[in-house]
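**Student:** build me a model:
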Amino acid sequence: MSAIARTPQKIWRVIDILKWGETYFSEAKFESPRREIEVLVQETLNCKRVDLYLRFDEPLTKKQLATLRDWIKRRKEHEPSQYITGKAGFYNIELNVNPNVLIPRPESETLVEQVLEKVSKKENLSILDIGTGSGCIALALAHELPNAKVIGIDNSYEAIELAKSNAQNLHLSNIEFNCADILTEDVDGQFDMVISNPPYVPKSEISDLMPEVRDFEPHSALTDNADGLIFYRKFIEISNIILKADGWFFLEVGIGEHPKLVKEMFSDDKFDNVELIKDLNGDDRVLAAQLR
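**Tutor:** I've put the predicted structure just below:
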């Protein structure tokens, strides 16, 4: 943010920053330059997007400008804005996030929506979220289903600590998080539903990811370091152990041929109602399968 550094006596109002930032991120070839600067100014001022334009004539303090300079510099290097601000929204809740976990994505809200379509808020369901990360999916379901009991597991201690913190911030008492590796450890109990957004990017495709993902998000949460199917094979292997009779899997799937391959794996005599469900972009996003 060298323009501000060169003119320390200038009063920078919200509208000045927005105009300057839009030009700055546009010249840096960002896809949505106006939104880039809006997000950072919103978090600097701790306000909603609409408030930016109600407060457009408000000057920023020296401390706010210093924070914003640092954030803009980091974003220019393609560090995700959610890691920069430490916050991410997901399905009616706000979460703390950090580089130990994947950033919650709007596409993953499809998984939450599909579970909610299948159940009633009054049901006393048991739900297991495998590879919970920030806890976003588990927390969204616990928030929407107050009578459900939700458990999230992850093999990352740092992720579990963050998920626990998010649960405390949301004042949710119907959820717990435990550190466990589903590939090597047993899970106690059987569940009405098992949900997961597992590492599904094939190792060979990591280099093709956009820099925000490839260079900043934890690879252990992105890829199984193989063909992107290891976790789905494990889910099928232990399905009779972790699911109750007639229990459901709701699993996020990848792009390209990945959804088709996962569906074929689940299309055996162990499961009924195997279905691929599209997200708002029209992409196959969630595989649903019911234990026979």
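**Student:** which ones are touching Pro199?
**Tutor:** Applying CB atoms under 8 Å, 6 or more residues apart in numbering to Pro199 gives the contacts Gly131, Ser220, Ala221, Leu222, Thr223, Asp224, Gly228, Phe231. Where C-beta positions appear, they are placed from N, C-alpha and C, glycine not excepted.
**Student:** residue contacts, the last one?
**Tutor:** Neighbouring residues of Phe231 by CB under 8 Å, 6+ apart: Ile130, Gly131, Ile182, Leu183, Ser196, Pro198, Pro199, Tyr200, Asp224.
**Student:** how far does the helix or strand hosting it sit from its chain's centre?
**Tutor:** Element membership for Phe231, per DSSP states H and E: helix 230-237. The chain centre lies 22 Å from the centre of helix 230-237; the measure is CA atoms, centre = their mean, to the nearest Å.
**Student:** tell me the buried residues in the helix or strand that comes right after it?
**Tutor:** Elements were assigned by DSSP H and E; along the chain past helix 230-237, the next helix or strand is helix 239-242. By 16 or more other CB atoms under 10 Å, the buried positions in helix 239-242 come out as Ser239, Ile242.
**Student:** run through who's touching helix 239-242.
**Tutor:** Leu128, Asp186, Val187, Gly189, Gln190, Phe191, Val194, Phe249, Lys270, Phe271, Leu291.
**Student:** of those residues, which belong to strands?
**Tutor:** Under the assignment DSSP state E, the contacts of helix 239-242 contribute Leu128, Phe191, Val194, Phe249, Phe271, Leu291 to strands.
**Student:** residue contacts, the first one?
**Tutor:** It stands for Leu128. Leu128 neighbours (CB under 8 Å, 6+ apart): Val150, Ile151, Gly152, Ile153, Val187, Gly189, Phe191, Met193, Val194, Ile195, Ile242.
**Student:** in those residues, which residue is surrounded by the most others?
**Tutor:** Most neighbours among the contacts of Leu128, by other CB atoms under 10 Å: Gly152, with 30 neighbours.
**Student:** need the three-state assignment for that one.
**Tutor:** Judged by DSSP: H, G, I helix; E, B strand; the rest coil, the three-state class of Gly152 is strand.
**Student:** touching, it and Ser134? I think so.
**Tutor:** No: using CB atoms under 8 Å, Gly152 is not in contact with Ser134; the gap is 9.6 Å.
**Student:** if I look at the two, which residues touch both of them?
**Tutor:** Ala163.
**Student:** how about Ser207, nearest residue that isn't a chain neighbour?
**Tutor:** Arg214 (7.0 Å; CB to CB, 6 or more residues apart in numbering).
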